[in-house]
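**Student:** only geometry, no sequence info:
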């Protein structure tokens, strides 16, 4: 993950890795973030004193920024007609070969997850049923699909980072594939 110290001060998370300014890369593991802050490595790499940045505040900033970007991309996909939600609709698009990325809620049943296993389509398990429902003002939904490759790639990247942050160490048995 990339952090940037803009000229005006503060600290930004560069989710898309496009922001200008002096940056530093961190691994998504909690231990890495804690050590980097406690030993002053982030300040040193950015050549700027960072006031009030605790390991917990940094982890929260990184998580919230990635979560906001993830849901922002999902809303954009929906707005341009490239997001499919719900089991039946996603199954239909999978059969047509139009799905570029599958997103499954972590708390979806294992039985339901097995239905959507497809070696030809990238899959990420991230988020919760309720989160997706609340985000789109619908009942809880655990199966989503993106039908445009460019958007799917961007969402996959952000979803993977979000998943790693949620796990705290990058793995813990959760699966995703490209």
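**Tutor:** That came through, no problem. Since we're looking at a predicted model, the values are computed, not measured. Residues are numbered from 1 along each chain as shown.
**Student:** give me the contact list for stretch 12-28.
**Tutor:** With contact meaning Cβ atoms under 8 Å, 6 or more residues apart in numbering, stretch 12-28 is reached by 1-7, 32-33, 36, 41-42, 45-48, 61-62, 65-66, 69, 154, 158, 161, 164-165, 170. In short, each C-beta sits where N, CA and C put it, glycine included.
**Student:** next, the buried residues of it.
**Tutor:** 13, 14, 15, 24, 26, 28 (16 or more other Cβ atoms under 10 Å).
**Student:** next: stretch 94-107.
**Tutor:** 94, 99, 100, 101, 102, 103, 104, 105, 106.
**Student:** end-to-end on stretch 90-110?
**Tutor:** 17 Å (Cα to Cα, to the nearest Å).
**Student:** and stretch 142-153, by the same measure?
**Tutor:** Terminal residues of stretch 142-153 are spaced 20 Å apart (Cα to Cα).
**Student:** so which strand or helix has the residue nearest the centre of the chain?
**Tutor:** Centroid-nearest residue in the chain: residue 159, 2.7 Å away (criterion: Cα atoms, centre = their mean). Per DSSP states H and E: residue 159 is located in helix 149-167.
**Student:** cool, residue 31 as well?
**Tutor:** helix 30-38.
**Student:** right, and the helix or strand after that helix?
**Tutor:** Helix 30-38 is succeeded, C-terminally, by helix 41-46 (DSSP H and E).
**Student:** return the set of buried residues in the next helix or strand along the chain from that following helix.
**Tutor:** Downstream of helix 41-46, the next assigned helix or strand under DSSP H and E is helix 55-79. For helix 55-79, the neighbour count (16+ other Cβ under 10 Å) marks 55, 58-59, 61-63, 65-67, 69-71, 73-74, 77-78 as buried.
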